[in-house]
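Asker: Here's my sequence, what's the structure:
(2 chains)
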Amino acid sequence: MLTILFWVFSVLMLASAAAVVLFRNPVNSAMSLVLSFLALAALFVTLDAYFIGIIQVLVYAGAVMVLFLFIIMLLDLKAEARRKLNIAALAGGLAVLGGFVVLIIQVVKSLPGSSDHFPALARTGYSDVYDVGMTLFSGFNLPFQIIGVLLLVATVGVVILSRRSLR
Amino acid sequence: MPTLGDYLLVSGLLFSIGLAGVLLRRNLLIIFMGLELMLNAANLSLVAFARHGVTAFGLPDYNAQVLVFFIITVAAAEVAVGLAIIVALYRLRQTTHVEDLNRMKF
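Answerer: Numbering: from 1, shown residues only, chains lettered A, B, ... in the order given. The predicted structure follows:
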């Protein structure tokens, strides 16, 4: 059952990610990206990472994609007009990409333990969120607060950047 | 049952598709979406390794999941700032096509 779900969601994720790159209209690309993020959240759930899966849906498929669609519609972008292809650049990009895919497959094949099945998890009484929260607030309290300051700085920066007159 | 290698392979392919978006497309917003795909591929391999490296108590390695949580937070901030820069650029030049933004090209 888990195997079927894994392959279904993997194929869905990779197909919609490819659609992001292939569509010419940015709105279609953004919608495919939402589908890709939702399938990725499902893959996180198959890895027993329930908290990360929920955060993926809330932050990526929710907040980030709303921001993307908002900007696409604000700029009123139409489907890209076809331009003259730069053949040398296209060939170079495809060559780099092909080499990279071959490299990834070789590395994953030669990685020790890559064909291992995942060990079984112990049954505990409390939830996944409890464990993530314990780790986050006991071991990573300072980074957590620094992240808070980073978000504040990003908010201020966005307000400054989107003013009419940049001085 | 899917193995660790299956997850890493899917993650690597997702990264490659994101890289293809960055290398082959010339719309700034699509390039940005490619960057997001690459970040998500890294997250998937981190969570797969967390599930693989079970601790002595039989729990997944939650340090990796906390790292993924931080990556998602930083990515959200990065998207906000990046899109604000794209909007400011669009106001100045009325385009999001990278070949029209060649004033600093040598």
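Asker: When you work out contacts or count neighbours from here on, use the C-alpha atoms and nothing else.
Answerer: Will do.
Asker: In whichever strand or helix holds residue A:11, which residues are buried?
Answerer: Assigned by DSSP states H and E, residue A:11 belongs to helix A:2-22. Burial within helix A:2-22, assessed by neighbour count using 16 or more other Cα atoms under 10 Å in any protein chain shown, is assigned to A:6-7, A:9-10, A:12-22.
Asker: can you list contacts of the helix ranked longest in chain A?
Answerer: Looking only at chain A and at elements set by DSSP state H, the helix with the highest residue count is helix A:87-110. Taking contacts as Cα atoms under 8 Å, 6 or more residues apart in numbering or on different chains, the residues outside helix A:87-110 that touch it are A:114, B:5, B:8, B:9, B:12, B:13, B:16, B:19, B:20, B:23, B:24.
Asker: Apply 6 Å and report the result again.
Answerer: Outside of helix A:87-110, the residues that reach it under the criterion Cα atoms under 6 Å, 6 or more residues apart in numbering or on different chains are residue B:23.
Asker: Next, the buried residues of that helix.
Answerer: Buried positions in helix A:87-110, judged by neighbour count with 16+ other Cα under 10 Å: A:93, A:97, A:100, A:101, A:104, A:105, A:108, A:109.
Asker: send the alpha carbons of that helix over as CSV?
Answerer: Coordinates of the C-alpha atoms in helix A:87-110 are reproduced here as CSV (Å, rounded to 0.1, in the frame of the first residue of the first chain):
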residue,chain,number,x,y,z
ILE,A,87,20.7,27.3,-29.6
ALA,A,88,24.1,27.4,-27.9
ALA,A,89,22.7,28.4,-24.5
LEU,A,90,19.9,25.7,-24.8
ALA,A,91,22.4,23.0,-25.7
GLY,A,92,24.7,24.1,-22.9
GLY,A,93,21.8,24.0,-20.4
LEU,A,94,20.7,20.6,-21.5
ALA,A,95,24.3,19.2,-21.4
VAL,A,96,24.7,20.5,-17.8
LEU,A,97,21.4,19.0,-16.8
GLY,A,98,22.1,15.6,-18.4
GLY,A,99,25.4,15.4,-16.7
PHE,A,100,23.8,16.3,-13.4
VAL,A,101,21.1,13.7,-13.7
VAL,A,102,23.6,11.0,-14.5
LEU,A,103,25.7,12.1,-11.5
ILE,A,104,22.7,12.0,-9.1
ILE,A,105,21.8,8.5,-10.2
GLN,A,106,25.4,7.2,-9.8
VAL,A,107,25.7,8.8,-6.4
VAL,A,108,22.4,7.3,-5.1
LYS,A,109,23.3,3.9,-6.5
SER,A,110,26.8,3.8,-4.9
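Asker: mind checking the SS state of the residue nearest to residue A:22 when sequence neighbours are not counted?
Answerer: The shortest distance from residue A:22 to any residue other than its chain neighbours is 7.9 Å, reached at residue A:29 (Cα to Cα, 6 or more residues apart in numbering or on different chains). Using DSSP: H, G, I helix; E, B strand; the rest coil as the criterion, the local structure at residue A:29 reads helix.
Asker: Which neighbouring elements make contact with the helix or strand containing residue A:66?
Answerer: Secondary-structure assignment from DSSP H and E places residue A:66 in helix A:65-75. Under the contact criterion of 3 or more Cα pairs under 6 Å, 6 or more residues apart in numbering or on different chains; DSSP states H and E, helix A:65-75 touches no helix or strand at all.
Asker: can you pull the buried residues of that helix?
Answerer: Taking 16+ other Cα under 10 Å as the basis for neighbour counts, the residues of helix A:65-75 that come out buried are A:65, A:67, A:68, A:69, A:71, A:72, A:75.
Asker: backbone phi and psi for residue B:27, please?
Answerer: In this entry, residue B:27 is assigned phi and psi values of phi -100, psi 130 (degrees, to the nearest 10).
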